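Asker: Let me see the structure of the following:
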Amino acid sequence: PKVPKLSLKVGQTLAEIKTNADLTTILSTPTPIFVAEAGNPVPLPKAMIFQWKELKSVKPLTGGATANIFTATLNGVKYAVKEFRALEGSADVLKKAGEQFEREVQTLRQYQHPNLVQLMAVCSNPPAIAMEFCSRGSLHQILHIEKRKLPLNIRFSICRQVAEALEYLHSRAPRCIHQD
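Answerer: Residues are numbered from 1 along each chain as shown. I've put the predicted structure just below:
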């Protein structure tokens, strides 16, 4: 099928893409991926961009309405990889998917703290992000599913680390609204 010619403006964001063909064309381009920072499009460093075919040992972890989560190895390092869905559908569905992908990359890029999981790389086709992999799982998993009894000093350490991360997020401008 013939892909219509795009008339994109420099720095146009994924949220501004109107058709499936536009989104598919942009997401199939390996570089550069632009992310708006303070209203200005900024290209991601080349080291932060990966191709899906570079992933090794891809194993599904979970899935939701808008994304699938995998573990995968990239350049010998294990990551949690979030693959965004909704590459087909109405213009509104595509626009929302593009906005969500862009917003997540933009948000994760601006937060650098030792107690927050870090964005490590971005893939454009399919739209995906690679993040630090937490091999022990979530705190919820440890406390409520596995029902581990942690020593008091470990519980205090976890509380301090969570408080430091929240203080960092709440001190940023604009403020982070965390839902997970």
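
Asker: Any stretches of the protein with poor pLDDT?
Answerer: 1-47, 86-90, 178-180 (pLDDT under 70).

Asker: State the distance from Ile158 to Leu150.
Answerer: Ile158 is 7 Å from Leu150, where distance means Cβ to Cβ, to the nearest Å. Any C-beta I mention is one placed from the backbone N, CA and C, and that applies to glycine too.

Asker: quick one, strands of this protein?
Answerer: Counting by DSSP state E, one finds strands in the chain at the ranges 34-37, 40-43, 56-63, 67-74, 77-84, 119-124, 127-132.

Asker: could you dump those to a markdown table with mean neighbour count and distance to Gln110?
Answerer: Shown next, in a markdown table, are the strands of the chain (neighbours: other Cβ atoms under 10 Å; distance: least, Cβ to Cβ, whole Å):
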| stretch | mean neighbour count | distance to Gln110 |
| --- | --- | --- |
| strand 34-37 | 17 | 7 |
| strand 40-43 | 13 | 11 |
| strand 56-63 | 11 | 25 |
| strand 67-74 | 18 | 20 |
| strand 77-84 | 19 | 17 |
| strand 119-124 | 21 | 9 |
| strand 127-132 | 21 | 14 |
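
Asker: Looking at these, which is nearest to Gln112?
Answerer: strand 119-124 (9.3 Å; Cβ to Cβ).

Asker: tell me the angle that closest one makes with strand 77-84.
Answerer: Angle of strand 119-124 versus strand 77-84, following axes from the mean of the first three to the mean of the last three Cα atoms, to 10 degrees, is 50 degrees.
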